[in-house]
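A.B. asks: Predicted model and sequence below, questions to follow.
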Amino acid sequence: MGWLSAIAIFFIIWWVVLFTVLPFGVRSQHEQGEVTDGTEAGAPVAPRMGYKVMLTTAIAIVVFALFYIVTVVIGLGLDDIPAIVPDFGAVEPARE
């Protein structure tokens, strides 16, 4: 795997992890009972984005390391996953 491919894969993993981490610990203004005039009641009170970016980066590093180990070190790829649908072209039809 080239370094540019590794950066691209890490970037994709990071964004997917970010969208899974974003809702952690979010309390809306409505839940807190402190709705600020001119804002949506569902807006978060304290989103803690710095913490979430650091948590996302840490999780993405672990996931990327697992991906790297499985694909580069062990050498598994998509071709190693068994086919779900059987190959019907390999079976000859019965002749009468």
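C.D. replies: That came through, no problem. Residues are numbered from 1 along each chain as shown.

A.B. asks: Hmm, Val21 is touching Thr57, no?
C.D. replies: No: counting by C-beta atoms under 8 Å, Val21 sits too far from Thr57 to count as a contact (10.0 Å). Quick note: C-beta positions are derived from backbone N, CA and C, even for glycine.

A.B. asks: the more surrounded of these two?
C.D. replies: Val21 (19 against 14; other C-beta atoms under 10 Å).

A.B. asks: in the helix or strand of the chain with the lowest mean pLDDT, what counts as buried?
C.D. replies: Sorted by mean pLDDT, DSSP states H and E, the helices and strands of the chain end with helix 29-32, the least confident at a mean of 86. Buried residues in helix 29-32, counting neighbours by 16 or more other C-beta atoms under 10 Å, are found at Gln29.

A.B. asks: After it, which helix or strand is next?
C.D. replies: Along the chain past helix 29-32, the next helix or strand (assigned with DSSP states H and E) turns out to be helix 49-68.

A.B. asks: what's that next one in contact with?
C.D. replies: Where contact means C-beta atoms under 8 Å, 6 or more residues apart in numbering, the residues beyond helix 49-68 that reach it are Met1, Ala6, Ile9, Phe10, Ile13, Trp14, Val17, Leu18, Val21, Leu22, Phe24.

A.B. asks: Report pLDDT for Ala94.
C.D. replies: Note on Ala94: pLDDT of 67.

A.B. asks: tell me, what residue is most central in this protein?
C.D. replies: Taking C-alpha atoms, centre = their mean as the criterion, Val16 is the residue nearest the geometric centre of the chain, at 3.3 Å.

A.B. asks: Tell me who's in contact with that one.
C.D. replies: By C-beta under 8 Å, 6+ apart, no residues touch Val16.

A.B. asks: Using neighbour counts, pick out the buried residues of the one helix or strand it maps to.
C.D. replies: When elements are defined using DSSP H and E, Val16 is found to belong to helix 3-21. By 16+ other C-beta under 10 Å, the buried positions in helix 3-21 come out as Ile9, Phe10, Ile13, Trp14, Val17, Leu18, Val21.

A.B. asks: Noted, bye for now.
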